[in-house]
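Colleague: I would like to see how this sequence folds:
(one chain, ligands or ions: 2)
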Amino acid sequence: MECGLIGLQGVGKTTLFQALTAHAVPVQVGSMKPNVGIAAMPDPRLEQIAEFIPPEKLIPATVQVVDIPGVASGGGASSLNQILAHIRTVDALVQVVNCWEGRDAASDIALMEAELILADLVVAEGALDKARRATRSGDADAKKRLAVVEKVYEMLSDERPVRDGDWDAAEAAVLKSYGFMSAKPVLYVANVGEDDLDGASPAAEAVQAAASAAGTTSVCVCAEIESEIAELEAADRSEMLESMGIDRPAIGVLASAMNEVLGLSTFYTAGEKEVRAWSIPRGASAPEAAGSIHSDIQRGFIRAECYHCDDLFELKGEKAIKEAGKLRSEGKAYCMQDGDVVHFLFNV
Ligand SMILES: Nc1nc2c(ncn2[C@@H]2O[C@H](COP(=O)(O)OP(=O)(O)OP(=O)(O)O)[C@@H](O)[C@H]2O)c(=O)[nH]1
Ligand SMILES: [Mg+2]
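Modeller: Ligands and ions are numbered 1, 2, ... in the order given. This next block holds a predicted model:
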């Protein structure tokens, strides 16, 4: 799963990238090459599990973040195609909006979306021709493909993003094959100033309104402060947060929003060596979840022994969970629940 930070130029994408990746990668400011790094997903449940099953190591779930160069607000820059090519490769979009300089946030969001829609329309036009020709052989698949492309073309011509459509699984697979950018899930980040941490400025409110209109979520972050916090040692971090009146780094809030928008859920593995969080697509089966740890565990899957982390918080130990009959043994068809703590049994 790859998340692309997108937006207009100078809105704080690279600053947010540094906060998300805790300055682990040397960034190239203003380069046309994206910065790529790994962001840990802060998760209060992970720490809570470790209270009852103390491990040597605590390992959060991660997501790959790509800091994509910004689009010029004048549009039409020669670099636009290069930027769009990077946006095409990511799975989900995090659009950063400058809310600290009194800009018109709604129009900045619309401008970025318009670029994606326009570029998708060019792809759809080409696809339409090709799909029409392919139906001449009377192939049923080609007909289905054409129906999807026609619907996409119609939406884009009406300046609507592809994600607004109702697509079933087969249609979604067709969409994916074209890599339409406006079909990718999107989350807005209102990058606010230090004096507007709870997002009361008109710009921050406009981002929130745009998110509800688009049926998605927005979060309010001061990328500059988050970037400074991410540079501190863990001990100094809580002191800084406290002094600023923040209860948890906004990166945590962003991580939950990402999970929601990207349709991810989390499961945990817990032992003396490590307690670890894993991100999987919501609705993944037990063998699929096992596969996110190692393909061998999926291949040789026997069963999953699991319980819910809420049971651990209530009963305070695995022994008590067993005694209360809350330890379940699940087979191949089990659909993972968000918050499951799992031990996979496998044989290869
Ligand atoms: N006051 C304030 N300044 C910020 C904030 N976030 C970023 N900036 C400043 O805005 C400038 C641009 O930030 P970048 O993170 O490089 O922006 P970008 O979106 O990566 O820019 P491009 O890659 O050129 O599109 C820098 O001088 C940052 O210090 C913020 O939350 N508050
Ligand atoms: Mg940048």
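Colleague: report the mean per-residue pLDDT for stretch 124-144.
Modeller: The average pLDDT for stretch 124-144 rounds to 91.
Colleague: can you get me a residue count around the residue of the stretch 151-300 of the chain found nearest ligand 2?
Modeller: Nearest residue of the stretch 151-300 of the chain to ligand 2, counting by CB to the ion: residue 223, 10.8 Å away. C-beta coordinates here come from the backbone N, C-alpha and C atoms, glycine included. Number of residues near residue 223 (other CB atoms under 10 Å) recorded here: 26.
Colleague: so it sits against residue 10, correct?
Modeller: No. With contacts counted by CB atoms under 8 Å, residue 223 stays clear of residue 10, the gap being 11.6 Å.
Colleague: quick one on the thing from earlier: the residue of the stretch 151-300 of the chain closest to ligand 2: what's it in contact with?
Modeller: Contact analysis of residue 223 by CB atoms under 8 Å, 6 or more residues apart in numbering lists 12, 15, 16, 19, 96, 189, 191.
Colleague: can you list those residues in TSV and add secondary structure, distance to residue 138 and neighbour count?
Modeller: Below are those laid out as TSV (DSSP: H, G, I helix; E, B strand; the rest coil; distance: CB to CB, whole Å; neighbours: other CB atoms under 10 Å):
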residue	secondary structure	distance to residue 138	neighbour count
12	coil	53	26
15	helix	55	24
16	helix	51	28
19	helix	55	26
96	strand	48	28
189	strand	48	26
191	strand	53	27
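Colleague: mind putting those into a markdown table with pLDDT?
Modeller: As requested, the contacts of residue 223 are exported to a markdown table (pLDDT from 0 to 100):
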| residue | pLDDT |
| --- | --- |
| 12 | 96 |
| 15 | 95 |
| 16 | 95 |
| 19 | 93 |
| 96 | 98 |
| 189 | 97 |
| 191 | 97 |
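Colleague: which of those residues sits closest to residue 215?
Modeller: Nearest to residue 215 among the contacts of residue 223: residue 189, at 16.8 Å, using CB to CB.
Colleague: would a markdown table of the contacts of residue 223 with distance to ligand 2 be doable?
Modeller: Output for the contacts of residue 223, formatted as a markdown table (distance: CB to the ion, whole Å):
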| residue | distance to ligand 2 |
| --- | --- |
| 12 | 8 |
| 15 | 8 |
| 16 | 9 |
| 19 | 13 |
| 96 | 10 |
| 189 | 14 |
| 191 | 12 |
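Colleague: which residue does the stretch 1-150 of the chain have closest to ligand 1?
Modeller: residue 70 (2.3 Å; CB to the nearest ligand atom).
Colleague: quick one: that residue from ligand 2, how far?
Modeller: 6 Å (CB to the ion, to the nearest Å).
Colleague: got phi/psi on residue 339?
Modeller: Main-chain torsions, residue 339, degrees, to the nearest 10: phi 100, psi 0.
Colleague: what number of residues lie near it?
Modeller: For residue 339, the count of nearby residues is 18 (other CB under 10 Å).
Colleague: skipping adjacent residues, who's closest to it in space?
Modeller: residue 309 (4.6 Å; CB to CB, 6 or more residues apart in numbering).
Colleague: and stretch 278-293, how far from the chain's centre?
Modeller: Mean-position distance between stretch 278-293 and its chain equals 16 Å (CA atoms, centre = their mean, to the nearest Å).
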